[in-house]
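S.K.: Curious how this folds, go ahead:
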Amino acid sequence: RLFLRAIEGVGTGFEFAMFLNAAEHRLLCLVQTGPYLEGHPGLTHGGAIATVIDATLGICALSVAGKVVTANLSIDYLVPVPLGTVLLVEGCAERTEGRKFFLGGHVRSADGDTVHARATGVFIRPDPTK
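M.R.: Here you go, the predicted model:
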């Protein structure tokens, strides 16, 4: 059960589907935000956008490395997201350094014309000796 599913009620929070291309280490998330995710009136809260980015990059990292946790997430918010907008969130594993996995991603409108946010993330495989 993903954190994104914690809001009960159809259409009130995150409605999403994720599609993994394990061979290319890419994940695409199709998501629509509901009214419980409102920040500024009529707009999706930036924290909700961060949540879906973290989940997308994290599940992509999970497919590459197994159990991982978020070490760093950096987001550039470019264009506000109106509530109810259908978005495409893409994550891609870029490189590995030891226990660290570096990913990049972006949030686009469903038609692909608008980039709402860009993100990078570092995920780390927990140290099994601790």
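S.K.: Read off the pLDDT value for the spatially most central residue of the chain.
M.R.: In the chain, the residue lying closest to the centroid (CA atoms, centre = their mean) is residue 53, at 1.9 Å. You'll see residue 53 listed with a pLDDT of 97.
S.K.: so residue 127, which of the three states?
M.R.: At residue 127, secondary structure determined by DSSP: H, G, I helix; E, B strand; the rest coil is coil.
S.K.: Number of residues surrounding it?
M.R.: 7 (other CB atoms under 10 Å). In short, each C-beta sits where N, CA and C put it, glycine included.
S.K.: quick one: which helix or strand includes residue 19?
M.R.: Element membership for residue 19, per DSSP states H and E: strand 14-21.
S.K.: what's next to that strand, contact-wise?
M.R.: Around strand 14-21, the neighbours that count as contacts under CB atoms under 8 Å, 6 or more residues apart in numbering are 4-5, 7, 26-34, 37, 48, 51-52, 56, 59-60, 63.
S.K.: Would you show me how to pick out the buried ones of those in ChimeraX?
M.R.: Those of those that count as buried under 16 or more other CB atoms under 10 Å are selected in ChimeraX with:
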select :4,26,27,28,29,31,32,33,34,37,48,51,52,56,59,60,63
